[in-house]
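Visitor: Next come a sequence and a model predicted from it.
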Amino acid sequence: MTRTTVLIKNLTRNRLRTTLTVLAIALPMFVFTMARTMVEQVHEMLAESDLKLRVAVHQKLSFTSPLPQRIREEIEGLAPEGYITAVCRTSWFGGRIEGKPAAFASMAVDRDTFAKVYAEFEITPAENERFQEERRAAMVSPELAKSQNWKVGDRVTLTGSLPPNPKMEFVIVAIPPKMSRQWFYFAMDYYDETLRKLTGSPAGVNNFWVKCSSPEARQWALTAIDKHFASSENETRTELESTFFAQFMKSGGDWVGLTWNVGRLIVLVAVAVAFNTMSMSFRERTREIAVLRTLGFSAGKIVRMVLSEGVLLGLIGGLIAVGPIYALTHLTEFSIPRMGTMQIPNQTAAIALAVACLCGLLAALVPALMAGRLKVATALRKVV
Amino acid sequence: MALPFRYNVLSLAARPTSTITSTLLIAIVIGTFAYLQAVTDSAFSTMAATGDPNTILVLSQAADSESVSRLGKDELNKLEMTPGVVRNGSGPIISPEVVAISSGYTKDDDNVTVNAAVRGVDYDAACAVRHGRVRILAGRPFQPGTYEVMVGASTQRLFRGHDIGDEIQLGTRGVRPFKVVGVFTTDGTSADSEIWAYSETIRDVYGRGSYSSARMLVPDEQAGRTAIDFINGPEVALSAKTEREYYTTLSTNQTVTQVLSVIMIIIMGTAAAFAVANTMYAAVAGRVREIGMLRAVGFGRVNILTSFVLEGLLLALTGGVLGCALSLLCDGMQRNMLPRTFTTVSYGLAITPKIIGTSLIVAVAIGLVGSIMPAWRAARMSVTTALREA
């Protein structure tokens, strides 16, 4: 009989207990995996957004206080030759469908530079052309189009959630597959024209997204733009895209961080479950271990045996926790509401498995040491 | 005759390792659950507490929050005629207010800015429509017509450089320094996360020709209905709600945590129930002869079943109580939320009796689910086999 066989025999001795234990390890490890994936996704999103070399320029105190549109030309004129690829202005519209209370993420953007500044949406030249030609053109993300049952060519009417709450008609000209989340973009000039008609004043701009050509150019943008507008009546703050998005997470109570904290905490549950099982089975096997010792198994061997049993328990639990969801997210388009498509990263899967094994190891530590220090004579005499 | 409860207590004490492990495990699960509940519930109750059922909040039509509402002087004048509202000598008690946004760095993080609501008010009117809930904690109220502000207690706690004597920057066209002269509290409502200054000064530095909202007092619900109907009607054509209704609808986002905490408790509760089952199965297996003996001296199957279930419940409930005790550690902890207004509201976590109650019920459920099968196995045993077992 090899050691592996002994290990498996021991685990299958009380199948019910092993099953319950493995599942009780798998459940918290599943939460751990999901939480870690969410954190990874957010970090990746922030890191990726910095790779896009975009900075946000907005009013010094808050992006909610709009700046005049002409700032775009000033920024463009300010930059040394070749530093800025394009500048896209955005104005929050917060459109609502008649009769539905929830506003969704809709924004007016510059027609001419939108595709260039948001290169990651991979808007095709044909789509972009339609966006230029149709005055009321709108581009929507596939997720939003699906939830509202919209197709290219549909006309939709939305009411803005900022005063004077204009009611505007749009024509959907493209649903670019790479456009993320629930976004709805339309042309700034159309918005501006509508507002001028209604109130006589132009549309204000929340953010000027400046696409830089290199990291050096971005470094320049981060300081030079604010310096230029300092002590003018339109003072600005320029920040990295990741910093801009981080504020929403921070002030929103940081749900991702909360989930991650809970995810880490409940690893303790896995440890406790495994410890409970290991100490119970050790106690039941005290005499058996004493017999093994009398047969000449060294203390070290016994310790290793108990430890491997714990690790194996953890590993099986980990595999059950990670395996199915890993396969599911890698073989199909798996998406959860509000988080978008999700895929368990290889690294996260590996970490979760390692943590599960570690749980098993930790849980087996005390029983293993007790087994190693067993006084053979007393143990043999002991009645369980 | 039922088995004495003492028997269960002693049985648990006889297997200390397994009992303590299971108890701690349940404590972690229940403690986390209580914490998650507090995160959701306290956010909601902060918003609900902010809203007074006897205060009417008037916004422009189609505005869903104060931050996007605009009320002109003419519209405010129309409100003078509102029936049912509390009046003094010169007309209804009314507080026109203007809401803008400021931002600043938090005390613990140097890179990320957080938004705060700036409220421009007439101090006396604002206090009057808030039923005297505004209390000055330190310093004094701002003087009308000066660049002075008072900050809410949560704002002072969250933001760097918002203490008395500090200068903060407000405004859009040309940012201006304002001096912090006082700290106030409204007893845990969302106004504690605001910055208050004189309304005309705020309108000036934020370039606002209009106000955001108006608040009026009503003596009771009946009068409130009348006033709301009048304001929503064709004569005034604005949008009125009770303040409570307004703030309750503002606290979005909470469904996320609610769903989150339910999923968590199902997953973790199941894991805990499995652990209880393991412990109880081991307890049954270790006591086979004892059970045979008990049956032989006349205890029925139901007695055995009840006894083991009770033992599981006792285990789970001990863990539950410990978990609730642990969760009390996070009572009063501060968290932030972001209602639809884009401005941060801080709130303190409160472990309420309701949360303790729900948590203990969940603990009982874990104990019940975990012990019913082992108890059933114990009860089913035949006397002779059990007694013969080594």
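Guide: Looks like it arrived, so ask away.
Visitor: can we go C-alpha only for contacts and neighbour counts from here?
Guide: Fine.
Visitor: can you list the residues of the stretch 1-150 of chain A near chain B?
Guide: Contact residues, the stretch 1-150 of chain A versus chain B (Cα under 8 Å from any Cα of the partner chain): A:17, A:20-21, A:23-25, A:27-28, A:31, A:59, A:61-62, A:64-65.
Visitor: Just the buried subset of these, written out for ChimeraX, thanks.
Guide: In ChimeraX, this line selects whichever of those come out buried by 16 or more other Cα atoms under 10 Å in any protein chain shown:
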select /A:17,20,21,23,24,25,27,28,31,59,61,62,64,65
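Visitor: Just give me the longest strand of chain B.
Guide: strand B:94-105 (DSSP state E).
Visitor: so does it get close to chain A?
Guide: Yes: against chain A, strand B:94-105 shows contacts by Cα under 8 Å from any Cα at B:I101, B:S102, B:S103, B:G104.
Visitor: and the two most separated of these?
Guide: B:I101 and B:G104 (10.4 Å; Cα to Cα).
Visitor: quick one: contacts for the residue nearest to B:V205 when sequence neighbours are not counted?
Guide: Leaving aside its chain neighbours, B:V205 sits nearest to B:G171 (4.7 Å; criterion: Cα to Cα, 6 or more residues apart in numbering or on different chains). Contact partners of B:G171, counting by Cα atoms under 8 Å, 6 or more residues apart in numbering or on different chains, are A:L61, B:S102, B:I202, B:V205, B:Y206.
Visitor: Give me the subset of those lying in helices.
Guide: B:I202, B:V205 (DSSP state H).
Visitor: among the contacts of B:G171, which one has the lowest pLDDT?
Guide: In terms of pLDDT, A:L61 ranks lowest among these, with 84.
Visitor: residue contacts, that one?
Guide: With Cα under 8 Å, 6+ apart, A:L61 has these contacts: A:T236, A:R237, B:S102, B:S103, B:G104, B:Q169, B:L170, B:G171, B:T172.
Visitor: try B:E148
Guide: So B:E148 contacts B:F142, B:F178, B:K179, B:V180, B:V181, B:A197, B:Y198 (Cα under 8 Å, 6+ apart).
Visitor: I'd like the next helix or strand past the longest strand of chain B.
Guide: Downstream of strand B:94-105, the first helix or strand assigned by DSSP states H and E is strand B:113-121.
Visitor: ok, back up a step: out of the contacts of A:L61, who's nearest B:R215?
Guide: Closest to B:R215, out of all of those and judged by Cα to Cα, is B:S102, at 22.2 Å.
Visitor: separation between the nearest residue to the closest one once chain neighbours are set aside and B:A100?
Guide: Spatial nearest neighbour of B:S102, excluding adjacent residues (Cα to Cα, 6+ apart): B:A116 at 5.2 Å. B:A116 sits at a distance of 9 Å from B:A100 (criterion: Cα to Cα, to the nearest Å).
Visitor: quick one: secondary structure of residue 169?
Guide: You didn't pick a chain, so chain A it is. Under DSSP: H, G, I helix; E, B strand; the rest coil, A:E169 falls in the strand class.
Visitor: nope, chain B
Guide: Using three-state DSSP, the secondary structure recorded for B:Q169 is strand.
Visitor: beta partners of it?
Guide: Beta-bridge pairing for B:Q169 (DSSP bridges): B:P177.
Visitor: shouldn't it be in contact with B:G161?
Guide: No: shown here, B:Q169 and B:G161 do not form a contact pair, counting by Cα atoms under 8 Å, at 10.5 Å.
Visitor: Burial check on residue 290, number of neighbours?
Guide: No chain in the question, so chain A it is. Counted with other Cα atoms under 10 Å in any protein chain shown, residues neighbouring A:A290 total 22.
Visitor: looking at chain B here, not the other one
Guide: Count around B:E290 with other Cα under 10 Å applied: 13.
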